[in-house]
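Enquirer: Just a sequence and a predicted model for now, questions to come.
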Amino acid sequence: MPRLLSELLRQLRLPTALGLGGAVLGGIQGALIGVLSGCLILLGLQLRQQMRLVAWLERNDGLVPPATGNGLWDEVWLNLVRQLKQQASARARLESTVKRFESAAEAIPEGVIALAPDNRITWMNSLAEKHFSLDARRDIDKMVNHLVRSPRFKDYLAAGDFRRPLLLHPTHQPSLALQVFVVAFAGEQTLILSRDVSDREQVERMRRDFVANVSHELRTPLTVVSGFIETLHELKGRAAASALPQILPLLEKQTQRMQSLVSDLLTLARLESTPEAPPMTEIDVGALVRTLMVEVDALSGNQHPLSSEIDDHLHLLGAPSEVRSVLSNLLSNAVRYTPAGSRIDIQWLRSVDMYGSPCGVFTVRDSGPGIAAEHLPRLTERFYRVDSGRSRDSGGTGLGLAIVKHVLTRHGGHLEVESTVGKGSEFRATFPPERLVTVASDQP
Ligand code: ADP
């Protein structure tokens, strides 16, 4: 109130002064004219300020207007400018919070879609665009259940029971496995979160296949063994004793088959559970190859002409038992999958791999039936066989090349296979230069 009074008195100074001047000059009439003109001048001044305000608001250029010398109006300007500044900094803060939220939501390793209560999309991150084949620029404000075509997704949203996540294989990408969660936030709104679980699904599928394969591999020998035991039970006494010489070798063969399977499985399990690089024990590969050639010659019954080219100065740094299993697997495969009389050439030399990088290469080249191209990429899969009958008959477990691949990878090398049907196959086990040593000629 005192402020109002003092302002009123201040504003009235001009009409009062003009009124007094008018009274001195022209009596009452002069005073009235003086007061009236004072009021008109005041009104004009106020109008001018209002026009400046309107023009300033329209310009909206953020420039501070110059002081007017009019106390009240200057205060108005000052307050307006201060408030505008506060608003601008609040907006900047809000914008940076939104930007931070958006980049945080982008960094989340899950797809995120925000939905309004009527299931309209209000926001989504780029992973959600990828998971559900959506486009944020096109699909914001559209109903999510119209865009994601999967009937299972629609039913899940409609049922409204989100205690368990939904496992979804989007229709546009059936190989993708998504775990979808729906959570409520800010009252009636919802968030859809999608997590890519394709890898987990694949591991689970591989585990199931593996268990099925092992069971399948064990079932045949077990059936044979239990069949013979039953026969022996039925025969009893002397008849059983006379059947034994025929039955025992067959029982032995099946038992050996199971033993090889268990032994290869244990080797694979050991390789997988020791991720650290194998030791750098120096291996005289030439000597090892010669020992293995004798064993392989016995396996072949001397039926395969073997030739070798070996760099005896080239030694390898690695795990001796693992390297032995690589060489012996490749050599025994060459004998087991090629008919009697087929040549087998063996090499251990410095060379270059298929990428042109220097390496030590152990090569086994046979002139057997060869392998059709479509099988080559799958040869190192566990239990993958091109010729199942021949593999089983010759005591194969279907795990040999899987072990070879594992060992080579652990040693920093790899397996290269070339094959032509009707002509033969070439298997090359490569080892990187850092695992090779050249020994002087007088060093054995
Ligand atoms: P297996 O114990 O059955 O020999 P491997 O993993 O060693 O298993 O080999 C996988 C398959 O690759 C074999 O079953 C066989 O069909 C094929 N294979 C391997 N080596 C040769 C070869 N030298 N010639 C023809 N086929 C081969």
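Expert: Great, that's in hand. Numbering: from 1, shown residues only.
Enquirer: And stretch 9-21, how far out from the chain middle?
Expert: 84 Å (Cα atoms, centre = their mean, to the nearest Å).
Enquirer: same question for it, mean pLDDT?
Expert: In this model, stretch 9-21 carries a mean pLDDT of 88.
Enquirer: and the residue nearest the centre of the chain, helix, strand or coil?
Expert: Centroid-nearest residue in the chain, with Cα atoms, centre = their mean: Asp199, separated by 7.6 Å. In three-state terms, and counting by DSSP: H, G, I helix; E, B strand; the rest coil, Asp199 is helix.
Enquirer: just Glu416 next, same as before
Expert: Of the three states, Glu416 takes strand under three-state DSSP.
Enquirer: Just give me the neighbour total for the nearest residue to it once chain neighbours are set aside.
Expert: Spatial nearest neighbour of Glu416, excluding adjacent residues (Cβ to Cβ, 6 or more residues apart in numbering): Arg428 at 4.3 Å. Bear in mind the C-beta positions are built from the backbone N, C-alpha and C, glycine included. Per other Cβ atoms under 10 Å, the neighbour tally for Arg428 reads 21.
Enquirer: what sits opposite Arg428 in the beta ladder?
Expert: Thr363, Glu416 (DSSP bridges).
Enquirer: For it, give its distance to the ligand.
Expert: 12 Å (Cβ to the nearest ligand atom, to the nearest Å).
Enquirer: what sits against that residue?
Expert: Residues in contact with Arg428 (Cβ atoms under 8 Å, 6 or more residues apart in numbering) are 353, 361-363, 415-418.
Enquirer: at 10 Å what do you get?
Expert: Counting by Cβ atoms under 10 Å, 6 or more residues apart in numbering, Arg428 makes contact with 330, 347, 351, 353-354, 359, 361-365, 413-418.
Enquirer: Just give the closest residue to the residue of the stretch 101-250 of the chain found nearest the ligand, not the sequence neighbours.
Expert: Residue of the stretch 101-250 of the chain nearest the ligand, by Cβ to the nearest ligand atom: Glu217 (10.5 Å). The shortest distance from Glu217 to any non-neighbouring residue, by Cβ to Cβ, 6+ apart, is to Leu261 (5.5 Å).
Enquirer: part of a helix, is that neighbour?
Expert: Yes. Counting by three-state DSSP, Leu261 is found in a helix.
Enquirer: So it is in contact with Leu218, correct?
Expert: Yes. Look at Leu261 against Leu218 with Cβ atoms under 10 Å: they come within range, at 6.9 Å.
Enquirer: neighbour count winner among these two?
Expert: Comparing Leu261 with Leu218 by other Cβ under 10 Å, the one with more neighbours is Leu261, at 20 against 14.
Enquirer: quick one, strands of the protein?
Expert: Under the criterion DSSP state E, strands of the chain are mapped to 111-115, 121-124, 166-168, 178-185, 189-196, 281-283, 306-310, 314-318, 344-352, 358-366, 414-420, 424-431, 436-438.
Enquirer: Show me what from the stretch 201-350 of the chain comes close to the ligand.
Expert: Contacts of the stretch 201-350 of the chain with the ligand, taken as Cβ under 6 Å from any ligand atom, map to 329, 333-334, 337.
Enquirer: Buried subset of those, written for ChimeraX?
Expert: Buried residues within those, by 16 or more other Cβ atoms under 10 Å, are selected in ChimeraX with:
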select :329,333,334,337
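Enquirer: ok, of the residues of the stretch 201-350 of the chain next to the ligand, which one's closest to Thr281?
Expert: Thr281 has its nearest neighbour among these in Asn329, at 19.6 Å by Cβ to Cβ.
Enquirer: residue contacts, that closest one?
Expert: Residues near Asn329 by Cβ under 10 Å, 6+ apart: 264, 364, 396, 399-404, 407, 427, 429.
Enquirer: Poorly predicted segments of the chain, please.
Expert: The model of the chain has pLDDT under 70 over residues 1, 62, 442-444.
Enquirer: and it, what are its domains?
Expert: Using automatic domain parsing, the domains assigned to the chain come out as 2-99, 108-196, 208-271, 276-438.
Enquirer: ranking the ones you listed by burial, who's on top?
Expert: With neighbours taken as mean count of other Cβ atoms under 10 Å, the domains of the chain reach their highest mean count in domain 276-438, at a mean of 17.
Enquirer: Can you give me the first-to-last residue distance of that domain?
Expert: One end of domain 276-438 sits 25 Å from the other (Cα to Cα, to the nearest Å).
Enquirer: Return the distance of the residue lying closest to Gly21 once chain neighbours are set aside relative to Arg10.
Expert: Leaving aside its sequence neighbours, Gly21 sits nearest to Gly34 (Cβ to Cβ, 6+ apart; 5.4 Å). Using Cβ to Cβ, to the nearest Å, Gly34 is found at 18 Å from Arg10.
Enquirer: Could you do Val64 as well?
Expert: Taken as Cβ to Cβ, the span from Val64 to Arg10 is 24 Å.
Enquirer: how about Ile310, what does it touch?
Expert: By Cβ under 10 Å, 6+ apart, the residues touching Ile310 are 285-290, 293, 346-349, 362.
Enquirer: switch to 6 Å and redo it
Expert: 286, 289, 348 (Cβ atoms under 6 Å, 6 or more residues apart in numbering).
Enquirer: what's the answer for Trp56, then?
Expert: Taking Cβ under 6 Å, 6+ apart, we find Trp56 in contact with Pro65.
Enquirer: Tell me the spacing between it and the ligand.
Expert: Separation of Trp56 from the ligand (Cβ to the nearest ligand atom): 85 Å.
Enquirer: swap in Arg343?
Expert: Computed with Cβ to the nearest ligand atom, the distance linking Arg343 and the ligand is 12 Å.
Enquirer: Verify the stated contact: that residue with His304.
Expert: No. At 7.2 Å, Arg343 does not count as touching His304 under the criterion of Cβ atoms under 6 Å.
Enquirer: Skip the chain neighbours and tell me the closest residue to Asp345.
Expert: Leaving aside its sequence neighbours, Asp345 sits nearest to Arg365 (Cβ to Cβ, 6+ apart; 4.4 Å).
Enquirer: does any bit of stretch 382-392 sit next to the ligand?
Expert: Yes. Residues of stretch 382-392 contacting the ligand under Cβ under 6 Å from any ligand atom: 384-387, 391.
Enquirer: Next, report how far the longest helix seen in the chain is displaced from the centre of its chain.
Expert: What stands out as the longest helix in the chain, according to DSSP state H, is helix 13-59. From the chain centre to the centre of helix 13-59 is a distance of 79 Å (Cα atoms, centre = their mean).
Enquirer: cool, and stretch 329-339?
Expert: The answer for stretch 329-339 is 38 Å, by Cα atoms, centre = their mean.
Enquirer: before we move on, what about stretch 298-307?
Expert: The answer for stretch 298-307 is 48 Å, by Cα atoms, centre = their mean.
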